[in-house]
Every structure is written in structure tokens, then in C-alpha cells.
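Chemist: Sharing a model prediction with you, sequence too.
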Amino acid sequence: MSDDPTAHRWLLALGEPRQALGWSLAEWQRHIRLARRLRLLARLAEGLDAAGLLDQVPPPARRHLLAEQQLSRWRVDALRWAALRVVQALEPKAYPCVLLKGAAYVAQGLPIGRGRLPSDLDILVPKAHLDDAQVSLAKTGWDELPTDAYDQRYYREWSHELPPMRHPHHAYELDLHHNILPPVARTSVDAGLLLSRLQPSPWPGWQVLHPVDQLLHSAAHLFLDAEPRERLRDLADMDQLMRHFGVAGACPGFWDELPPRAAQLGLAEPLALALHFTARWFDTPVPEPVRRRVAASGPGALRRAWLVPLFGAVLDPTDPDRMPGLPQEAAATLLLARYHLTRLPLRLLLPHLWRKWRKAGDQTL
């Protein structure tokens, strides 16, 4: 992790775009390269545009911002079109259809819905209706990617989603979930608790998670269910979710509900990590009583002593002109091992990794 306390100050421009106007051309070059790699450049462009500041950006930098903004708007429009077609395939149903992550942010018109570069459409239905939803989608052209019998068992018994689905007329993969974490994972979530607090979406036929649960889902995804390298944009999402729902008051009671809800869902640890890094790199203004309550139920001192440095090293983006150093590579390897160990118990993990290793070897022959 960088020892330079100013190394991450450029991230503040995502929420306070006026800060970018003081950058030199050399800083613009570095920050544009970093932001593009982290999928944050269009978000910076949208923030500057909304503040009426794009015309004040040096022309060489403005060209990159405008190009990324145009790409983002095309991809967001394509995501919206795909989501409306998908819900038509699922209607009328007696069960809820839920947008997750980026699609949910876009549908709600949240500030972080602008400037996204979506690559897939994540949706959730109750597990009891998973087969019905898949059949309905297949009738309209959504097909699973090819999988063998073992992978089918993995997805249907041990995972929280089905194999990705594709459609010849849509640019995005469709990920059909029944939960936000695998049911056999060391940390699992009762999907019924999530479904009990759904809220309507402005997009017809769709619902979204409660705002508190949207933040907790983002934290769980980053710190439990994803390889964290180059995932700084997830922290940017969490920063903006807290600012919108909590600081700006879009969700009354957000801060009061957050700590007990995290404890109820078993997500106090990922939330504590999220609060630590958003405060450190984005200056997220979390009320101190909330921070203390989350810290008290989050990881203890011994776990924090190794989790925080490891995630700090891996989430810290490598400078555009440098290769990742040995400490970052070592941290990434350790967190990858943790990722596998938290997703599957050893009795399933060891045969799973052996099979994947054998399969990868066969494909190289």
C-alpha cells in the first residue's frame, strides 16, 4: 500500500469534482489512466458534467472524459433495454424479480448510476422459483453457457447463482441469483430476510433491495465474494451509497438501521472493512456512533491486524507506469486463498480445486 498520504486524494474528485480543476496536465494523465483502468473515468466525467465544469477541463483531458462518458451512456442504455426485455419474459409472476448492484443503481436513478460501464445484468428471484424463471427466460432466447455435469451441480447445490446466460440480441450476460452469497459459504445470508424488505423500482416489474441491504450487499461482494484486485470502484460505490442514503437523507433511519442489520445478516465484518477503507480513501462522513457500533461487532483486533493490511495492499491501484510489487502479489495470493476457503468447506473445496486444475491442464494440451 502506498505510503504517500496524497496518493489517493484524486479519488475525492469523484464526489467533489471541483477538486479536479486544480490538477496539472501530468496529474490529469496519471489520473485518467488510473480511472479508466478502474472503470471510474466515466463517473468522473459525469460528475464534472453535472457540476457544469467539463468546459474548464484542459482540452487534452476533456476529450478522454467525453469519449468515456459517451461509451458509458451507450452501455447503460443497453443495460436498461435488456432489463426491460428480461422482466417481460418473467411477467406476470407471483414472485418478486429483483435488480442487483449496478442495474439497481441505474434503475433508481442514483448518482452512481451515471458513469457506469456495465458488463452483466444481475437479478435475483426466490430460490423456490429459480427453475421457473430459467425456463421463462429460455423461452425468449436466454441460454446458459455450456457446462458439464459437475459445474451444473456446483451452481445448483453450492453456489448462489446459476451459470451465466446469454442472448443473441443483448450485449450483456445475465446472472440469475437466488442469494447474495453461496449457501455453503462460511458466511451465508438468509435470502428470506432480504426478500422481506424489498422496495419497488422505477423500472416496471422490478424491485430492489432495501437501501441498507444494497450497501451490505456491495460490502459482502467485495470482501467475501470477489477477487479484490482492481475493485476500487466497489469502494467508490459504497462511499456514494452512504452519502446518498445516509448523509443526504434519501433513506430516513439509514444510519440507525445499518449496524443491527449487518449483525442480523452476519455481515458485520465486511461492513467494518468497508467503513474503514471508505473513510481512509474517500473521507466518507460516517457518524462516529455508527462507526463504533460496527467496529464493536466487526472483526476483532487480531483479524483486523491481517485483514486490513492485506486488503489495503490489494485494493490500492498500482501506478500506471509500474508493475505490481511483491508485497501486493503476496497479499493477492493470500486473499485468493481466503476467498476460496470462505466460499466452500474443505470437503468440497479440495476436490473442486483438483478438478479445476485437471480441467485447465487438459485445455492446454
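Modeler: Cool, got the structure.
Chemist: Show me how far the biggest helix by length in the chain is from its chain's centre.
Modeler: Counting residues, the longest helix found in the chain (DSSP state H) is helix 59-90. Centre-to-centre, helix 59-90 and its host chain are 17 Å apart (Cα atoms, centre = their mean, to the nearest Å).
Chemist: again with stretch 137-151
Modeler: The chain centre lies 24 Å from the centre of stretch 137-151; the measure is Cα atoms, centre = their mean.
Chemist: What are the contacting residues of it?
Modeler: Outside of stretch 137-151, the residues within contact range by Cβ atoms under 8 Å, 6 or more residues apart in numbering are 85-86, 88-90, 134, 155, 162-169, 173-174, 176, 355. Where you see a C-beta, it was placed from the backbone N, CA and C, and this is true even at glycine.
Chemist: in it, what counts as buried?
Modeler: 137, 142, 144, 151 (16 or more other Cβ atoms under 10 Å).
Chemist: returning to that earlier point: just the buried residues of the longest helix of the chain, please?
Modeler: For helix 59-90, a neighbour-count test (16+ other Cβ under 10 Å) marks 61-62, 64-65, 68-69, 72-73, 75-76, 79-80, 82-83, 86-87, 89-90 as buried.
Chemist: Also stretch 180-196?
Modeler: Here stretch 180-196 shows 180, 181, 182, 184, 185, 187, 188, 189, 191, 194, 195 as buried, counting by 16+ other Cβ under 10 Å.
Chemist: before we move on, what about stretch 160-179?
Modeler: 160-165, 167, 170-179.
Chemist: circling back to that earlier point, what's the next secondary structure element after the longest helix of the chain?
Modeler: Using DSSP states H and E, the helix or strand that follows helix 59-90 towards the C-terminus is strand 98-99.
Chemist: so what secondary structure elements neighbour the helix or strand that comes right after that following strand?
Modeler: Next in sequence after strand 98-99, counting helices and strands by DSSP H and E, comes helix 101-108. With contacts taken as 3 or more Cβ pairs under 8 Å, 6 or more residues apart in numbering; DSSP states H and E, helix 101-108 sits against helix 59-90, strand 120-124, strand 207-208, helix 211-224.
Chemist: now the angle from the first one to strand 120-124?
Modeler: Direction vectors for helix 59-90 and strand 120-124, defined by axes from the mean of the first three to the mean of the last three Cα atoms, to 10 degrees, enclose an angle of 40 degrees.
Chemist: coming back round to it: show me which of the buried residues of stretch 137-151 is closest to residue 290.
Modeler: residue 137 (39.8 Å; Cβ to Cβ).
Chemist: check which helix or strand covers that closest one.
Modeler: Secondary structure (DSSP H and E) places residue 137 in helix 130-139.
Chemist: Please apply the same query to residue 174.
Modeler: Using DSSP H and E, residue 174 falls in strand 173-177.
Chemist: any idea which helix or strand comes after that strand?
Modeler: Downstream of strand 173-177, the next assigned helix or strand under DSSP H and E is helix 191-195.
Chemist: okay, and for the stretch 51-200 of the chain, where does confidence drop off?
Modeler: Along the stretch 51-200 of the chain, the model assigns pLDDT under 70 to no residue.
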